[in-house]
Each structure stands twice: as structure tokens, then as C-alpha cells.
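Enquirer: quick check, what structure comes out for this input:
(one chain, ligands or ions: 1)
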Amino acid sequence: MVHSSLSTLDTIELRPHPTARDQALAKAEIPTGSTILKIPAFATVLQFSQKGNRCDHCMRLPTEGQPLRRCTGCSAYWYCDAQCQSAQWQTHHKRICKRINQFTSSTVFQGLEEHEKMDALLLNHLVASLSTLPTAYNLEQSQEATLFLSLLPGPSSGSEPPLICTISPPPKADLIPTLFERFGNNNFTMHSHLNSIAHGIFPLASRSFNHSCSPNAAPKYTFSAHQPVIMEVVALKDIHQGEEICIPYLDPALTQTKRQIFQFTYGFNCNCPACLFLNSIGHIPETPTDPDQLKDLSRRVGEFVNVDSYLKSDKYQSPSMSELPQDLHPVLNEDFMKWLSETFSKASHEANFDLAAESGIALLALYLLVYPCNYPQIGMHLLEMAKTHWNYSFVISQPSKSKETEAKAAISRLLELAKRVLDVLGREGDEDGPLAEISVLQNLLQDVQ
Ligand SMILES: C[S@@+](CC[C@H](N)C(=O)[O-])C[C@H]1O[C@@H](n2cnc3c(N)ncnc32)[C@H](O)[C@@H]1O
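Expert: So this is what the prediction gives:
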């Protein structure tokens with residue numbers, strides 16, 4: 001049975017899928033950049049690295065002159081102001097405030113891996129909020145709760161984490177395992193400008209979207225005062241009526257590890273063209289260690305992908321991964337992307353411009369090969385390339401007039417491409433993100449004499 005909150009959506013409808021139960025199909029034409037679904041988080045938990053840096057409720061960073069206020073009961077949760085604190089108190093904090101410190105310092109909790117600790121806290125936030133329903137744990141009183149229970153369980157999640165809150169009456173014995181077996185399969189890692197900050201539950205999105213390594217849509221997260229985080233699923237390209245809408249469950253660049261993660265965490269094998277091709281290769285050759293061979297691979301992947309044409313022409317079409325010749329298969333090794341990314345970053349910071357330009361182009365080529373067009377990683381990298389070019393041309397060196405004109409044109413093109421890609425997903429996450437940065441740089445570029 002399709003849940004009522006889904007049947008009322010005017011963008012998608014669920015249809016049976018051969019192996020994934022259902023799939024979300026576009027009800028009408030969906031243009032690039034449109035919002036397909038917009039929903040608030042049902043339960044969230046901040047990553048430990050973000051604790052005390054962001055509000056535990058709305059997840060915004062504090063504004064200048066207004067430090068976060070700490071819960072005086074437990075000292076373990078931080079809020080923008082009384083409104084955020086009160087909202088979270090009502091939804092779940094009142095059930096856990098007194099016990100949270102004892103819980104997090106217990107040997108059971110301390111013995112968990114980092115991600116298990118996050119799951120434990122998220123589960124507790126979820127259970128505590130179900131206990132605050134008009135009749136405790138009567139899930140029929142919450143559309144989101146019944147929808148969460150209707151989600152597909154993961155293959156095996158291990159033993160469920162301990163609970164903090166003991167509510168009277170306690171939940172039925174099978175509720176906690178039933179919730180927890182849906183965690184691995186359905187929870188989202190929430191991010192701001194590609195940095196992960198929290199985990200969250202968004203039942204309607206979980207019920208709707210299957211995975212693709214070449215997704216036509218992606219989730220973004222927006223923060224606003226006193227509200228739970230909002231997830232928006234945005235079309236990365238024009239989606240035709242009847243087409244399946246898929247999002248990425250994992251970074252498509254995880255060429256070697258994603259297969260295992262799909263099997264163990266999600267319980268399926270991805271049969272997208274890229275995964276079928278990667279499976280057909282079997283073992284991806286090691287990345288060479290010889291610097292000349294690495295340089296040669298970097299140059300040739302750029303040629304294969306035709307990065308020059310991407311940078312110059314607006315009619316660029318990236319080649320399919322399956323066309324990659326055998327002698328270039330080592331570029332698909334995750335170590336190669338890691339090496340390129342580290343080389344680019346180090347060279348940019350050390351103002352080694354030739355190396356930064358060379359590795360930056362090769363990394364862009366690899367991104368064009370593994371990511372679909374308009375994927376935010378591509379836009380973020382184009383912005384980094386523009387900033388590196390800027391630093392070299394206008395901060396570090398004193399260019400001649402002709403070199404300056406050349407540099408301005410190259411930087412301006414990189415910024416234009418970065419904006420074009422990032423505009424598709426649109427503003428998300430924290431204030432002053434990459435789109436704001438692009439606009440500042442574009443204005444500054446106009447001022448360069
Ligand atoms: C978050 S749910 C997606 C919604 C699901 N189709 C449903 O009907 O509820 C995730 C589960 O859907 C299935 N799934 C998602 N993407 C898939 C894919 N590309 N191929 C096969 N199964 C997939 C897997 O069982 C996975 O664990």
C-alpha cells in the first residue's frame with residue numbers, strides 16, 4: 001500500500017520495481033534544478049566534531065556576538081536560543097536530559113565505534129520523540145513514524161544499541177529492534193557544502209528514492225532558525241515524465257568499496273552501467289608509484305575525457321566510463337583519485353602553480369568520468385581551480401598586461417562553470433557558501449585593472 005503522504009505528491013508516484021520493491025517515477029516533466037521533494041527531518045543527531053559548534057536543533061552555526069547556549073540540565077546539548085531549546089525539549093530532550101551523561105559515559109556506549117555511537121544517539125532521539133506522542137508510542141498518531149516502520153529493513157544491523165530513556169509504559173518489546181533494523185538502510189548523512197555534519201531520518205525520501213551511481217537527483221539540506229533541518233531533493237538534470245528518479249546513497253567515486261557497502265549495508269547489488277563495467281574489470285589495477293607514470297596517467301585521463309573541450313565549449317558530452325581503454329583502468333583505483341586530490345591541494349597551498357594546474361585538470365577529468373553532470377563535487381572543484389589560478393596570477397606573481405588578460409579570462413571561465421554547476425543544487429547548508437564566494441570573486445575580477 002502506498003502511504004497517503006506519497007499519493008498526494010504531484011512530482012512523483014511509486015511503481016513496482018523488479019528488485020527494489022518500488023521506484024519513484026516522475027509524474028510530469030521536471031526541469032533541471034527543480035525541487036522534487038521538500039521535507040523536514042523527523043529525527044537528527046549532530047556528528048561529534050560539530051557538538052558545541054552548531055545548534056543541536058536547527059544545526060545552524062552561531063551568529064557573531066550570539067554564542068550558543070548550553071543546556072543547564074545536562075551541559076551536553078547546545079542551542080541558538082530559548083526557542084530552539086524549547087522546540088527540542090518538547091520533541092525529545094525532556095526524556096533524555098537527566099540521563100544522557102550517565103549513558104554516554106557508560107562502558108557500553110564507550111565501547112561502540114563512532115558511527116555506532118551516532119546510531120545510538122539517533123535511536124534515542126527517535127524513541128524519545130515517539131514517547132512524546134499524545135499516547136506514548138502509538139505510532140498511528142504520527143504519519144512519519146508509520147512511514148518509517150514501512151521502510152525496507154537492511155540486511156543485518158547487528159545488535160541494537162542501548163536506550164537512555166525508560167518511559168512508562170515502556171515501548172513494546174519489538175519496537176526498538178524494528179526501528180533499528182531500518183537504520184543502516186534509510187538514514188541520511190547530512191552535509192553543508194559537502195562536509196558531513198549530522199545524520200538524519202527523512203522517511204518520505206527513504207520510501208521514495210532508489211540509488212543510482214549516475215543519479216538524476218540529489219538531496220541538499222537547508223537550515224533556518226528554530227526549525228528542524230529541511231531536506232530538498234533537487235533534479236540534477238531534466239527528468240522526463242515516467243523516468244525513475246534516483247539519488248546517490250554513496251559517493252559514486254567509491255569505485256572499489258561501493259559494491260561491498262551496497263551488499264552489507266543496503267542488501268542489493270547496483271546494476272548501473274558504471275557498476276556493471278567495474279564488475280567486468282574485476283580487480284582494478286594498482287596505481288603506479290613512479291612519479292613519471294603518475295604524471296603520464298594524469299595527462300592521458302585528461303585527454304581521454306577531453307577536459308579542454310569541457311572548459312571551452314558549452315556543448316560538452318563526457319565519455320562513458322565503459323569506453324575507458326584498459327591501459328587507463330588504474331585511474332579508477334580510489335588511490336589514484338586520492339593521490340590527485342592531495343597533490344592538487346598541496347600544490348595549491350604551496351603555490352606550485354604548474355603542478356596545481358596539471359593535477360587540477362586531471363582531477364576534473366576524473367570527476368567528469370565518475371560523476372554525472374551538475375554533480376556538486378565538480379562545481380566545488382572548479383571553484384578551487386579558480387581560486388588557485390587567482391592566487392597565482394594576482395597575489396603571488398605580477399603578471400604582464402597580456403598574461404593578466406589571459407589569467408582573467410581563464411579564471412572567469414572557471415567561475416562561470418562552477419556557478420553553472422552549483423546553481424543547479426542551489427543554496428544549501430551554512431551561510432556564505434561557494435555560490436556567495438563565486439559572486440565575490442566575479443565582482444573582484446571585474447575590478448582588476
Ligand atoms: C531507502 S530504500 C528505497 C525505497 C525502496 N525502493 C522502497 O520501495 O521502499 C533502500 C532499499 O531499496 C532497494 N534499492 C535501492 N536502490 C536500489 C538499486 N539501485 N537496485 C536494487 N535495489 C535498490 C534496496 O533494497 C535498498 O535497501
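
Enquirer: look up how far residue 206 lies from residue 164.
Expert: As for residue 164, its distance to residue 206 is 24 Å (criterion: Cβ to Cβ, to the nearest Å). C-betas here are computed from N, CA, C, even on glycine.

Enquirer: of those two, who's got more company?
Expert: Using other Cβ atoms under 10 Å, the more surrounded residue of residue 164 and residue 206 is residue 164, with 24 against 19.

Enquirer: correct me if wrong, but that one is in a helix.
Expert: No - according to DSSP: H, G, I helix; E, B strand; the rest coil, residue 164 belongs to no helix; its state is coil.

Enquirer: determine the three-state secondary structure at the closest residue in space to it that isn't next to it in sequence.
Expert: Residue nearest to residue 164 in three dimensions, not counting chain neighbours: residue 103, with 4.3 Å by Cβ to Cβ, 6 or more residues apart in numbering. At residue 103 the chain is in helix, as set by three-state DSSP.

Enquirer: list the contacts of residue 103.
Expert: If a contact means Cβ atoms under 8 Å, 6 or more residues apart in numbering, then residue 103 has 96, 109, 124, 162, 164 as its contacts.

Enquirer: cool, residue 366 as well?
Expert: 253, 301, 305, 331, 336-337, 340.

Enquirer: same thing but 10 Å
Expert: 253, 298, 301-302, 305, 307, 331-332, 336-337, 340-341, 381 (Cβ atoms under 10 Å, 6 or more residues apart in numbering).

Enquirer: which ones among those residues map onto helices?
Expert: Here DSSP state H is the test, and these give 298, 301-302, 305, 307, 336-337, 340-341, 381 as lying in helices.

Enquirer: sorry, back to before: the ligand: which of the contacts of residue 366 is nearest?
Expert: The ligand has its nearest neighbour among the contacts of residue 366 in residue 253, at 17.0 Å by Cβ to the nearest ligand atom.

Enquirer: ok, back up a step: any chance of CSV for the contacts of residue 366, columns distance to the ligand?
Expert: Output for the contacts of residue 366, formatted as CSV (distance: Cβ to the nearest ligand atom, whole Å):
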residue, distance to the ligand
253, 17
298, 32
301, 27
302, 31
305, 25
307, 29
331, 25
332, 20
336, 26
337, 23
340, 28
341, 27
381, 26
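
Enquirer: so among the contacts of residue 103, which ones count as buried?
Expert: Buried members of those, counted by 16 or more other Cβ atoms under 10 Å: 96, 109, 124, 164.

Enquirer: which two among the residues you listed are spaced furthest apart?
Expert: Distance extremes for those: the farthest pair is 96 and 109 at 12.7 Å, using Cβ to Cβ.

Enquirer: ok, residue 316 - contacts?
Expert: 305-310, 368, 373, 417.

Enquirer: ranking these by neighbours, who comes first?
Expert: Counting by other Cβ under 10 Å, top hit in the contacts of residue 316: residue 305 with 24 neighbours.

Enquirer: if I read this right, that residue contacts residue 324, doesn't it?
Expert: Yes - contact criterion Cβ atoms under 10 Å: residue 305 and residue 324 qualify, at 9.3 Å.

Enquirer: between these two, what contacts are shared?
Expert: Between them, residue 305 and residue 324 share these contacting residues under Cβ under 10 Å, 6+ apart: 331, 369.
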